[in-house]
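# could you work out the structure for the sequence below:
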Amino acid sequence: MKRLILLLPLAVFLGVAVFLYRGLFMDPSELPSALIGKPFPAFSLPALDDPERTLSEADLKGRPALVNVWATWCPSCRHEHPVLNQLAERGVLIHGVNYKDERGAAQKWLRELHDPYQLNIEDAKGTLGLDLGVYGAPETFFIDAQGIIRHKFVGTIDERIWREQLAPIYQSLVDEATP
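Just a heads-up that it's a prediction; the model follows:
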């Protein structure tokens, strides 16, 4: 019995060490999401460009799209923004969720840096971000034509990440939607 008690701390230590060692090789941009395979969360929030217009999850359906969570206070979002503009120019459908931001600052940002978003949801209180399980900005969700979340990417999208990782995911959603 004493041997078992002496070996228990060693077993616990080894278990924790294996768990932590495994974490060293995980990709932080591939944070798991319980929403993969589920419909985009229900919401009713104003459009950033027209606060009188209310947007909902139904507005996101019809075509595969990226839903990009962004904010003016986010330095990584500023770095990512030119890439999103290029993607939009190439025909990639992108919707925005302006997360915990001020409307005036966000509208100024889009006027000065161009607007890649087909729709832009104003999430001033962060309620939609909370429902999406957002850790921070930027985060991008890939939805299919039915509004089902198919992939989540955490971090800044640059040309290499788009080309090597994300473009194939988006293209597969487009191919699925094409009759």
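
# okay, and the beta partners of residue 96?
On DSSP bridges, the residues paired with residue 96 through beta bridges are residue 68, residue 120.

# how close does it sit to residue 34?
In this structure, residue 96 lies at 23 Å from residue 34, with CB to CB, to the nearest Å as the measure. The way it works is simple: take the backbone N, C-alpha and C, and place the C-beta from them, glycine included.

# the two: which has the busier surroundings?
Here residue 96 and residue 34 are set side by side on neighbour count (other CB atoms under 10 Å), and the busier one is residue 96, at 24 against 8.

# can you map out the helices along the chain?
Read by DSSP state H, the chain holds these helices, from start to end of the chain: 2-23, 75-89, 103-113, 127-132, 159-161, 167-177.

# dump the residue contacts of residue 100.
Contact partners of residue 100, counting by CB atoms under 8 Å, 6 or more residues apart in numbering, are 71, 73, 123-126, 129.

# in this structure, where is pLDDT below threshold?
In the predicted model, the chain carries pLDDT under 70 at residues 1-32.

# quick check, central residue of it?
Ranked by distance to the mean C-alpha position of the chain (CA atoms, centre = their mean), the top residue is residue 140 at 2.3 Å.

# now stretch 124-135: buried residues?
Buried residues in stretch 124-135, counting neighbours by 16 or more other CB atoms under 10 Å, are found at 124, 126, 128-129, 132, 134.
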